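[1] Please find the sequence and the predicted model below.
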Amino acid sequence: MDELSRRRMLIAGGAMGALGALGMAAPAQARSLWTWSPSGSVAGSGPGADPNWVWDEEADRLLASVIDRGDVPRVNQLLRSWTRNDQPLPDGLPRDLREFMDRARRLPSWADRDKLTTAARFNKTKGIYVGALYGLGSGLMSTAIPREARAVYYSKGGADMKDRVAKTAKLGYDVGDLDAYQPQGAMIVTAVKTRLVHAAVRHLLPQSPGWSRTSGGQKIPISQADILVTWHSLPTFVMRKMLEWKVRISPAESEAYLHVWQVTAHMLGVRDEYIPADWDAANAQSKQILDPALGRTPEGVKLTEVLLDIVAELDGGLTRPLVSAFSRYTLGDRVGDLIGLSEEPFWEPLISAAWPLLVAFREGLIPLPLVPEAAWTMEELIRKFVLLFLSEGKPINIEIPDANRPQG
């Protein structure tokens, strides 16, 4: 697969993760008691405070000030030229913002360059699985998380989902890029900009009547727990599904894939005491905070329809039934029902029977004659979705919002 195809594939994977990858997740209204121990984190220790009541204090104070001073348009204009990890910050940024960003762009001391390189190679070799699961699993799962769906719907990005998809797609591509955290890469830039967006939304969204009316008592969105819910809907979910599909993954690849997401969580402002140190810790944390978060909301159903309508533009509608069926296959009927996915009597049994055979062939576990012809039709449609869902016809800029979704 050439670099352009790989880039488009990974961008598309991030695209359908539009509601997830930007960290707009939140726990369900009836939250379970936080019992996860910081001894299982990359830090190995910590106060153990419930992350539902922890945000990003320095960033939040700073962005509230930037918004209230009216600096957002100027800052966004300046930051459009900051695109590579090794670039200096643009001249003209407010001093307090520059000082924060200089600190925020530093990788954690525990980041391992060799593991990050291994993770990049893994994302390339297993791209068809990762891209499909990011897009047709994680992205649609996020609409089944009530506070997440409402936060997205009432924020500025909820009014223009195509723009929101494109910006989230950039994060989805950058985290899996071969140069992600290298000097010539862009993931540090993307993560820092995303962290600024989160802080801005925390300041703005409580001012939205629609969000306040439906937030279930949450006063400030995007807590540390909220970001962790999104985090688990991506790497934890994806790794679990690939193992279920019997994708061949070496211990070194598994550890590296987790590591690139550990670094990404840190760069998005998650405290090290909340970042799982290994897959056992990640699965335990996910079971506590992601699994109970699923539910149905009118906002989530509406956002699902918006995303599926965007997908349908690919080929006049042929892809939409496949998206619904494949998402039901990856997420299960419960989540499919929560977000209003259609039942597809043709595609669902075909996928259930053929996809495992296709994976087994790709992983060298069975010979070609055992794979039915219909499986290749299915794979080609999925590949078309992954490769062509989003083109790169214009620059994608992650920008700080200065307002919520217009009412009405």
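    Looks like it arrived, so ask away.

[2] can you count the residues close to residue 174?
    A total of 25 residues lie near residue 174 under the criterion other Cβ atoms under 10 Å. For glycine as for every other residue, the C-beta is placed from the backbone atoms N, C-alpha and C.

[3] Kindly indicate whether it is helix, strand or coil.
    helix (DSSP: H, G, I helix; E, B strand; the rest coil).

[4] Same question for residue 130.
    Following three-state DSSP, residue 130 is assigned to helix.

[5] Name the surrounding residues that touch the helix or strand residue 254 falls within.
    Following DSSP states H and E, one finds residue 254 within helix 251-267. For helix 251-267, contacts defined as Cβ atoms under 8 Å, 6 or more residues apart in numbering pick out 42, 104, 107-108, 111-112, 115-120, 122-123, 175-176, 180-181, 187-188, 191-192, 195, 227-228, 231, 234-235, 239, 249, 272, 274-276, 278-279, 282.

[6] And the helix or strand hosting residue 99, what's buried?
    When secondary structure is defined by DSSP H and E, residue 99 falls within helix 95-104. For helix 95-104, the neighbour count (16 or more other Cβ atoms under 10 Å) marks 97, 100-101, 104 as buried.

[7] now, which of those sits nearest residue 48?
    residue 104 (24.6 Å; Cβ to Cβ).

[8] quick one on the thing from earlier: report the inter-axis angle for the helix holding residue 254 versus helix 95-104.
    For helix 251-267 against helix 95-104, the angle between stretch directions is 160 degrees (axes from the mean of the first three to the mean of the last three Cα atoms, to 10 degrees).

[9] Following element in sequence after helix 251-267, please.
    Toward the C-terminal end, the helix or strand that comes next after helix 251-267 (DSSP H and E) is helix 279-289.

[10] how big is the angle separating that next one from helix 251-267?
    Going by the same axes, to 10 degrees, helix 279-289 makes 50 degrees with helix 251-267.

[11] for the following helix or strand past helix 279-289, the distance to its chain's centre please.
    Using DSSP H and E, the helix or strand that follows helix 279-289 towards the C-terminus is helix 298-312. From the chain centre to the centre of helix 298-312 is a distance of 17 Å (Cα atoms, centre = their mean, to the nearest Å).

[12] mind saving the C-alpha coords of helix 298-312 as CSV?
    What follows is helix 298-312 as a C-alpha-only set of coordinates in CSV (Å, rounded to 0.1, in the frame of the first residue of the first chain):
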residue,chain,number,x,y,z
PRO,A,298,-31.8,11.8,21.1
GLU,A,299,-28.6,13.7,20.4
GLY,A,300,-26.7,10.5,20.0
VAL,A,301,-29.2,9.1,17.5
LYS,A,302,-29.1,12.4,15.5
LEU,A,303,-25.3,12.4,15.4
THR,A,304,-25.3,8.8,14.2
GLU,A,305,-27.6,9.8,11.3
VAL,A,306,-25.3,12.7,10.4
LEU,A,307,-22.3,10.5,10.3
LEU,A,308,-24.1,7.8,8.2
ASP,A,309,-25.4,10.5,5.8
ILE,A,310,-21.8,11.6,5.3
VAL,A,311,-20.8,8.0,4.6
ALA,A,312,-23.7,7.6,2.1
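
[13] Mind listing what's buried along that helix?
    Across helix 298-312, burial judged by 16+ other Cβ under 10 Å covers 299-304, 306-308, 310-311.

[14] just these now: which is nearest residue 67?
    Checking the buried residues of helix 298-312 against residue 67 by Cβ to Cβ gives residue 299 as the nearest, at 24.0 Å.

[15] Is the closest residue to residue 234 other than its chain neighbours part of a helix or strand, or is it coil?
    Counting by Cβ to Cβ, 6 or more residues apart in numbering, the nearest residue to residue 234 once its immediate chain neighbours are dropped is residue 138, at 5.2 Å. Judged by three-state DSSP, the three-state class of residue 138 is helix.
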